[in-house]
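Undergrad: Mind looking at a prediction? Sequence and model below.
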Amino acid sequence: MNWKVISDNIKQEKRIAFLFIDEIHHLYHFVTVAKELAKTNKVHILTYNSPNPLLYKLLKDIKAENVIVEELPTYTFRALTDKLKKKKIPRKGFWIKKNTRYILNNFDAVVFTDFFHKYLLKDRKQNSPKLLKFPHGTAGRAYAFKNNELDFDFQLLVGKFQYDQFKNMGLLGDFPVIAGYPKIDAVQQIPQQEFFTNNKPTVLYNPHFDPEFSSWKKDGLKVLEYFYAQTEYNLIFAPHINLFKGNQNKNTITTIPEHLFAADNIHIDLGSEASANMTYTRAADIYLGDVSSQVYEFIIEPRPCIFINSYDFEYKNDFSFRFWKCGPVINKIEDLMNSLEEVQKDFKNYKKVQERISAENFYNEEGSSPSERSAKAISAFLNGSLEMLEL
């Protein structure tokens with residue numbers, strides 16, 4: 001741990017706002033911390049009108065009765081154009097501008113899981129409220145490391161690897177706290193599911209949404225057709241939740257032929273709750289992907305992985321492809337059959353690598369959970385009792 005509490009006698013109640021104006025996968029990264037903070041503080045989740053029902057369901061599931069949800073409007077005209085454009089989530093910049101004064105005047109701290117903070121940063125006085133940054137996943141490629149990190153007064157980090165990368169890139173603020181991965185707390189009570197009635201190995205295909213790196217555009221349908229035509233494996237196709245959202249790559253459900261949805265050995269989920277809460281990473285025996293950092297959640301329990309390098313990236317000395325150390329990398333789908341056979345036989349060669357990477361990624365500590373440690377550090381920070389230790 002890189003921090004300690006100077007005084008445990010923290011009694012001053014603070015008003016803390018968590019912003020939820022994103023897709024559902026952001027929820028799991030902060031709800032359990034909100035629950036812990038609400039034991040000693042006034043905690044609000046500020047969201048848009050008629051948010052995804054998962055917000056309320058998840059708060060009920062984790063018994064976060066003390067957390068207050070406020071549904072705040074966007075500008076009337078923008079709400080109308082959002083409706084015409086069939087946007088379920090209001091445009092974030094307009095929503096924040098509409099509610100800036102309320103947020104600035106009513107909270108001691110505001111928590112972000114993404115970078116939509118510039119309006120509050122510009123308009124706040126005397127560095128109040130404090131701006132806190134949570135990650136919404138494990139740090140993967142270089143895009144996860146942005147100079148905007150330095151805009152925040154407090155950074156919640158999940159492990160030593162993220163801390164070291166931030167330090168090397170000059171992205172550590174004054175209060176970068178390593179506390180672990182709160183999402184683990186949010187999903188641990190979800191029962192593990194079975195999706196197939198046979199005993200065949202199940203492969204999870206999890207392509208990323210970024211068209212520059214994703215295997216989907218070039219090879220995705222080849223992967224699905226490969227599993228449709230064979231009889232040895234089951235397949236869960238659960239891509240990054242944004243692959244089939246909006247206009248990303250012009251992907252729609254009609255991109256996928258109907259016979260694939262009807263296959264007994266293929267389960268397709270293009271963005272449900274299960275695709276965001278580790279249901280599939282827990283259910284699969286083998287991971288098949290490209291650059292999604294979800295693989296880091298998969299290898300919490302070490303298992304075979306295969307990666308598709310659709311665009312022949314030079315990856316071996318690039319930390320952005322660090323996850324490709326967890327299994328073999330193939331350049332063409334024709335190599336998939338042999339790779340599936342070999343990766344199960346040779347997994348011992350990768351197991352220690354996966355265990356090392358997981359230890360670097362996720363801080364653990366006996367006697368407390370990531371959410372408890374996060375809440376304790378935030379309360380201490382807001383009360384001036386947090387001391388940072390040099391690592």
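TA: Perfect, thanks for sending it. Residues are numbered from 1 along each chain as shown.
Undergrad: Flag every buried residue along stretch 91-101.
TA: Within stretch 91-101, the residues that count as buried by 16 or more other C-beta atoms under 10 Å are R91, K92, F94, W95, I96, K97, K98, N99. The C-beta positions use only the backbone N, C-alpha and C, and glycine is treated the same way.
Undergrad: my bad, stretch 149-159
TA: Within stretch 149-159, the residues that qualify as buried by neighbour count (16+ other C-beta under 10 Å) are E149, D151, F152, D153, F154, Q155, L156, L157, V158, G159.
Undergrad: ok, now stretch 261-271?
TA: In terms of neighbour count (16+ other C-beta under 10 Å), stretch 261-271 has its buried residues at N265, I266, H267, I268, D269, L270, G271.
Undergrad: Quick check: mean pLDDT of that stretch?
TA: Rounded to a whole number, the mean pLDDT of stretch 261-271 is 96.
Undergrad: now swap in stretch 89-108 and tell me
TA: 96.
Undergrad: Centre of the chain to it, how far?
TA: Chain-centre distance of stretch 89-108: 23 Å, with C-alpha atoms, centre = their mean, to the nearest Å.
Undergrad: who's in contact with that stretch?
TA: The list of residues contacting stretch 89-108 from outside it, by C-beta atoms under 8 Å, 6 or more residues apart in numbering, reads 14-17, 19, 21-23, 44, 46, 48, 72-75, 78-79, 82, 110, 116, 119-120, 123-125, 128-130, 382.
Undergrad: Swap in 7 Å and give it another go.
TA: Applying C-beta atoms under 7 Å, 6 or more residues apart in numbering, the external contacts of stretch 89-108 come out as 14-17, 21, 46, 48, 72-75, 78-79, 82, 110, 116, 119-120, 123-124, 129-130, 382.
Undergrad: Could you list which of these belong to strands?
TA: Residues of those located in strands (DSSP state E): R15, I16, A17, L46, Y48, L72, V110, K130.
Undergrad: among the residues you listed, who's most crowded?
TA: When neighbours are taken as other C-beta atoms under 10 Å, the top entry among the ones in strands among the contacts of stretch 89-108 is I16 (27 neighbours).
Undergrad: Read off the pLDDT value for it.
TA: According to the model, I16 scores 98 on pLDDT.
Undergrad: partner residues bridging it?
TA: Going by DSSP bridges, I16 is paired in beta bridges with V43, A109.
Undergrad: got a list of what the residue nearest the centre of the chain touches?
TA: The residue at the geometric middle of the chain, judged as the C-alpha nearest the mean C-alpha position with C-alpha atoms, centre = their mean, is G137 (3.1 Å). Under the criterion of C-beta under 7 Å, 6+ apart, the neighbours of G137 are S293.
Undergrad: What separation do you get for it and Y28?
TA: 10 Å (C-beta to C-beta, to the nearest Å).
Undergrad: cool, I236 as well?
TA: Remark: distance between I236 and Y28 (C-beta to C-beta) = 19 Å.
Undergrad: cool, and K245?
TA: Separation of K245 from Y28 (C-beta to C-beta): 17 Å.
Undergrad: Mind checking which of these two has more residues around it?
TA: Set K245 next to Y28 and count neighbours by other C-beta under 10 Å: Y28 wins out with 25 against 15.
Undergrad: thinking the more buried one is in contact with Q189, fair?
TA: No - here Y28 lies out of contact with Q189, judged by C-beta atoms under 7 Å, at a distance of 11.9 Å.
Undergrad: rewinding a little: which members of the ones in strands among the contacts of stretch 89-108 are the farthest-apart pair?
TA: For the ones in strands among the contacts of stretch 89-108, with distances taken as C-beta to C-beta, the pair at the greatest spread is Y48 and K130 (23.0 Å).
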